[in-house]
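Undergrad: here is a sequence with its predicted model. Questions after.
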Amino acid sequence: MAEHPFDEEDLIKKGIIVKTIENLNRWKAPDTLVIGLIVVSVLIFFASGPLRIFSINVLIVLLFVYFFQGIAVVSFLFQKKRAPFAVRFFFYMLIAILPQFLLLVIGCGLFDTWINFRKLDTATS
């Protein structure tokens, strides 16, 4: 059996800290990011030229962040309901193929800021 090129002690000596990624479905974007999303959305409508192009690019990045939060919500719900692998695979394929499902996941990520679908605050206390 081949060994890993680095073990954990070597990484710690080099200053690299490896955190576990077991609970990625509990990840949440900072709540203040919504303010940036609102500001950028307003700028897209009222700005012109380079400022508008910059705002569109920032909006794309912010929607990407909320997509990851939406995937965390979907993953959390699948894990909570103990969905079989086939169901998970089917829905993840729909998200990857259909833009409507992609926008639905982004919306879930954005509205998780206010609605708190996963009830993360109550689960830790």
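TA: Received the coordinates, thanks. Note that the coordinates shown come from a computational prediction; the quantities given were computed from them, not determined experimentally.

Undergrad: alpha carbons only for contacts and neighbour counts from here, please
TA: Will do.

Undergrad: pull the helix or strand with minimum mean pLDDT from the protein.
TA: helix 120-124 (a mean of 59; mean pLDDT, DSSP states H and E).

Undergrad: quick check: closest non-adjacent residue to Leu33.
TA: Leu62 (7.9 Å; C-alpha to C-alpha, 6 or more residues apart in numbering).

Undergrad: and what about the one you found, helix, strand or coil?
TA: Under DSSP: H, G, I helix; E, B strand; the rest coil, Leu62 falls in the helix class.

Undergrad: that one and Ile35 touch, don't they?
TA: No. Contact criterion C-alpha atoms under 8 Å: Leu62 and Ile35 do not qualify, at 10.8 Å.

Undergrad: between these two, which is the more surrounded one?
TA: Leu62 (19 against 10; other C-alpha atoms under 10 Å).

Undergrad: if I look at that one, how far off is Val39?
TA: 11 Å (C-alpha to C-alpha, to the nearest Å).

Undergrad: show me where pLDDT drops low in this protein?
TA: 1-8, 11, 18-22, 121-125 (pLDDT under 70).

Undergrad: which stretches in it count as helices?
TA: Ranges of helices in the chain, per DSSP state H, are 8-13, 33-46, 50-80, 85-97, 99-115, 120-124.

Undergrad: mind listing what the spatially most central residue of the chain touches?
TA: Taking C-alpha atoms, centre = their mean, the centroid of the chain lies closest to Phe68, which sits 1.7 Å from it. Phe68 sits next to Ile106, Gly109 when contact means C-alpha atoms under 8 Å, 6 or more residues apart in numbering.

Undergrad: just Gly70 next, same as before
TA: Applying C-alpha under 8 Å, 6+ apart, the residues contacting Gly70 are Val105, Ile106, Gly107, Cys108, Gly109, Leu110, Asp112.

Undergrad: and which of those is nearest Lys119?
TA: Lys119 lies nearest to Asp112 out of the contacts of Gly70, by C-alpha to C-alpha, at 9.3 Å.

Undergrad: residues near that closest one, how many?
TA: Residues near Asp112, counting by other C-alpha under 10 Å: 20.

Undergrad: which residues does it contact?
TA: By C-alpha under 8 Å, 6+ apart, the neighbours of Asp112 are Gly70, Val73, Arg118.
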